[in-house]
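Colleague: pasting a predicted model and its sequence here:
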Amino acid sequence: MTEKRQYLLDKPRNVQRILLVLYTVSAASLLLDLLVERHVEHPFESMSGFYPLYGFVGCVTLVLAARLLRRLIIRPEDYYSRRDLPQHPDNAQEERAS
Amino acid sequence: MSALPPFVLFYLAGLAACLCSGRLRSGFLLVTPIVGFINLWYLPTGAAINLQLFDLQLELFDSDRLSLLFGYLFHIAALIGIVYALHVRDTLQQAGAMFYAGSALGAVFAGDLLTFFLFWEGMALTSVVLIWARRSPAAFSAGVRYLIIQIISGLLLLTGVLLLWRDTGSLDFTYIGTAHTYGWLILTALGIKAAFPMLHSWLIDAYPEATPTGTVFLSAFTTKVAIYALARGFPGTELLVYAGATMACFPIFFAVVENDLRRVLAYSLVNQLGFMVVGIGVGSHLAINGAVAHAFTDVIFKGLLFMSMGAVLTMTGRINGSELGGLYKTMPRTTVLCIIGAASISAFPLFSGFVSKSMIMSAVLKEQFNGVWLMLLFASAGVFHHAGIKIPYFAFFAHDSGIRVSDPPGNMQLAMAIAALLCLGIGVFPDLLYRSLPFEVAYTPYDVTHVLTQLQLLLFSALAFVWLNKRGLYPPELNATHLDVDWVYRRLVPRLVQPLVTAIVAFDRGVRQVALGIIDHTLGLARRLHSPDGLLSRDVSTGTMVLWVVVLLAIYLFLSFT
């Protein structure tokens, strides 16, 4: 019975709404950048759109780099637990036999 | 009444937790941080308690603005942790947590380096029980590794302190610096507990293996005592700026691919420590204030995040992102509280992370560390990505895992609510925190530039997440082990040492065989000589004896005449 209950985000329309709010607010923050006089301390900061660009590009780079990193560091789930202790000689022999 | 050192109350509560149980124990535990806080509040400024040990004067308690702030923080953290763990019926954990909190308080109020060292080791010994209390083989071996590394840190500290004592003749805990060998030893000891790059893996390894309630205590104390000690002994050490910037950046890559959500939080703990270490390295008044303020807010919001994930683990028995999802449906309160923690760590305006992190960012820019500033900005976007979005998203939203569990027990919800309230309170009224900072610096976090630029950074990071997810580029949560530096001492070194050990064993066996052979030979010889026909068993007549005596006496006579 409970499984049939519809929750807030089960409706795709609600998810769309949330994303729409995100897009609108992001666009508004970009517009504000043009209107508001910011005080800057770093040359990059004076570029309009520096922060949004840095945030977006930074995160995409982060995730793509992390995907590459994962290829290097990924191991089976029981990587450490399998050989935490030296194998018992009997087991080792059995493995060799099989 | 003379001042009562804060650690005494906690040690007494730890003893009480060992001796009584049920409601009485809960009462003792709850009252301790409250009484401790009042005690600290009314302590006369500059109060000191000394202890004579042989010809050494140990200062068990000494307070200034820096240690007082950490003192208040640890009382708050202890209260939140105790409320969160109130339902636990495990003497080991409850007593351990009190001794641990007491040791942390002892360390920040230690007036000299030897006292500091004693509590530093006390923290190591008492905190490990929170890991072992999980009572699983993985937790046991993680606890052993954790303890070994903590003890190494303690030994380095002790060596450094002894060298310092020999050189300067004083044990005062003031500026140490890196001009001498002892400075480097002490810095390394602190660096291990502050999770410096390459020295950080004990944290990633052990914290996620602790009990759901234990991790909340662990995340609050050890690393923050290290930050406190760095702020006291090494402010303005430029090396720390680069170490901190590295700490802020590299863990976010690991956090993006990690599946165990408490391990993701452990990586983000290292990342936040990086911001604090940068602040200490920059060393200006604003930067130190920022570092200390960030330690304060971090304990609370990181505690909140660990509590929300602890709640998920307690209720579902799972913590891997790949096995969770859709929990918002039946855990709405935990979801909201977790999102408040996530917003705080991401430094959204009006949340606590914003008012502390922006101080560090401003200080870094003011002191012209431009490259470091860019790295920290990247780390700020990254922390939002992995802690701000990933944690709540994979636990409570994402694909529906079909798990339907309710919100956790009332005490856990209450603890999370207190932490969430503090996150919002400090975020909205930063002056409450700013007033207690070590230095008087006028700083206003809420101006148009700060708020707007921070919002832009975060909003577009969120857009990046949405875009990556829609394109299917976001790395899926996989049931896997991801290697980190601990691989060196868990795999590489054992593997390299294996041939050496084999050689030593073979050599040892050879030596033993030779020795056994010699013993066997000697025994055989003795047996042969003493056997019925042996040389030493023959009957000899008395006449022969007399003859030999005469010969001997004759030689003696001869010698005495010459």
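Modeller: Everything's here; your move.
Colleague: so in chain B, where's the weakest helix or strand by average pLDDT?
Modeller: Within chain B, judged by mean pLDDT, DSSP states H and E, the helix or strand with the poorest mean is strand B:48-53; its value is a mean of 78.
Colleague: neighbouring strands - and their directions - for whatever helix or strand comes next after that one?
Modeller: Downstream of strand B:48-53, the next assigned helix or strand under DSSP states H and E is strand B:56-62. Strand B:56-62 pairs in its sheet with strand B:48-53 (antiparallel), by DSSP bridges.
Colleague: which residue, other than its chain neighbours, is closest to B:Gly388?
Modeller: Closest residue to B:Gly388 apart from its sequence neighbours, by CB to CB, 6 or more residues apart in numbering or on different chains: B:Ser346 at 3.5 Å. C-beta here means a position set from N, CA and C on the backbone, and glycine is covered the same way.
Colleague: enumerate every residue touching the one you found.
Modeller: The contact partners of B:Ser346, taken as CB atoms under 8 Å, 6 or more residues apart in numbering or on different chains, are B:353, B:380, B:383-384, B:387-388, B:458.
Colleague: the closest residue to chain A within the stretch 1-150 of chain B and B:Leu483, how far apart?
Modeller: The minimum distance from the stretch 1-150 of chain B to chain A, using CB to the nearest CB, falls at B:Ser141 (6.1 Å). Distance of B:Ser141 to B:Leu483, computed by CB to CB, to the nearest Å: 17 Å.
Colleague: try B:Pro392
Modeller: Using CB to CB, B:Pro392 is found at 27 Å from B:Leu483.
Colleague: all strands of the stretch 101-250 of chain B, in order?
Modeller: Counting by DSSP state E, counting those that start in this stretch, the stretch 101-250 of chain B has no strands at all.
Colleague: in the stretch 401-550 of chain B, what residue spans correspond to helices?
Modeller: B:410-428, B:431-434, B:448-470, B:486-487, B:493-530, B:542-561 (DSSP state H, counting those that start in this stretch).
Colleague: what is the shortest one packed up against?
Modeller: Yep, that's helix B:486-487 we're talking about. helix B:201-206 (3 or more CB pairs under 8 Å, 6 or more residues apart in numbering or on different chains; DSSP states H and E).
Colleague: follow-up on the earlier one: need the contacts of B:Ser346 in TSV (columns: neighbour count, pLDDT and secondary structure).
Modeller: Shown next, in TSV, are these (neighbours: other CB atoms under 10 Å in any protein chain shown; pLDDT from 0 to 100; DSSP: H, G, I helix; E, B strand; the rest coil):
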residue	neighbour count	pLDDT	secondary structure
B:Gly353	32	95	helix
B:Ser380	27	94	helix
B:Val383	29	93	helix
B:Phe384	29	92	helix
B:Ala387	29	90	helix
B:Gly388	28	91	helix
B:Leu458	28	94	helix
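Colleague: export these to a markdown table and append columns for distance to B:Gly71.
Modeller: As requested, these are exported to a markdown table (distance: CB to CB, whole Å):
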| residue | distance to B:Gly71 |
| --- | --- |
| B:Gly353 | 22 |
| B:Ser380 | 29 |
| B:Val383 | 27 |
| B:Phe384 | 31 |
| B:Ala387 | 27 |
| B:Gly388 | 30 |
| B:Leu458 | 33 |
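Colleague: most widely separated two among the residues you listed?
Modeller: B:Ala387 and B:Leu458 (12.1 Å; CB to CB).
Colleague: helix/strand/coil for the residue nearest to the spatial centre of chain A?
Modeller: The residue lying closest to the centre of chain A (CA atoms, centre = their mean) is A:Val63, at 6.1 Å. When classified by DSSP: H, G, I helix; E, B strand; the rest coil, A:Val63 comes out as helix.
Colleague: that one touches B:Asn469, doesn't it?
Modeller: No. Contact criterion CB atoms under 8 Å: A:Val63 and B:Asn469 do not qualify, at 9.7 Å.
Colleague: where in the chain is pLDDT low?
Modeller: No chain was given, so I picked chain A. Within chain A, the stretches with pLDDT under 70 are A:1-4, A:82-98.
Colleague: wrong one, chain B
Modeller: Low-confidence segments of chain B, defined by pLDDT under 70: B:1-3, B:45-47.
Colleague: quick one, domains of it?
Modeller: B:1-229, B:235-473, B:489-561 (automatic domain parsing).
Colleague: as JSON lines, these with distance to A:Val25 would be great.
Modeller: JSON lines is the format used below for the domains of chain B (distance: least, CB to CB, whole Å):
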{"stretch": "domain B:1-229", "distance to A:Val25": "32"}
{"stretch": "domain B:235-473", "distance to A:Val25": "6"}
{"stretch": "domain B:489-561", "distance to A:Val25": "46"}
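Colleague: rewinding a little: B:Pro392 and B:Leu483: which has the busier surroundings?
Modeller: B:Pro392 (25 against 18; other CB atoms under 10 Å in any protein chain shown).
Colleague: ok, which stretches of chain A are helices?
Modeller: For chain A, applying DSSP state H gives helices covering A:12-35, A:43-46, A:50-73, A:79-82, A:89-97.
Colleague: could I get these as TSV with distance to B:Phe117?
Modeller: Written out in TSV, the entries for the helices of chain A read as follows (distance: least, CB to CB, whole Å):
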stretch	distance to B:Phe117
helix A:12-35	50
helix A:43-46	45
helix A:50-73	36
helix A:79-82	32
helix A:89-97	44
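Colleague: can you list those helices in JSON lines and add distance to chain B?
Modeller: Converted to JSON lines, the helices of chain A look like this (distance: least, CB to the nearest CB, whole Å):
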{"stretch": "helix A:12-35", "distance to chain B": "4"}
{"stretch": "helix A:43-46", "distance to chain B": "7"}
{"stretch": "helix A:50-73", "distance to chain B": "4"}
{"stretch": "helix A:79-82", "distance to chain B": "4"}
{"stretch": "helix A:89-97", "distance to chain B": "14"}
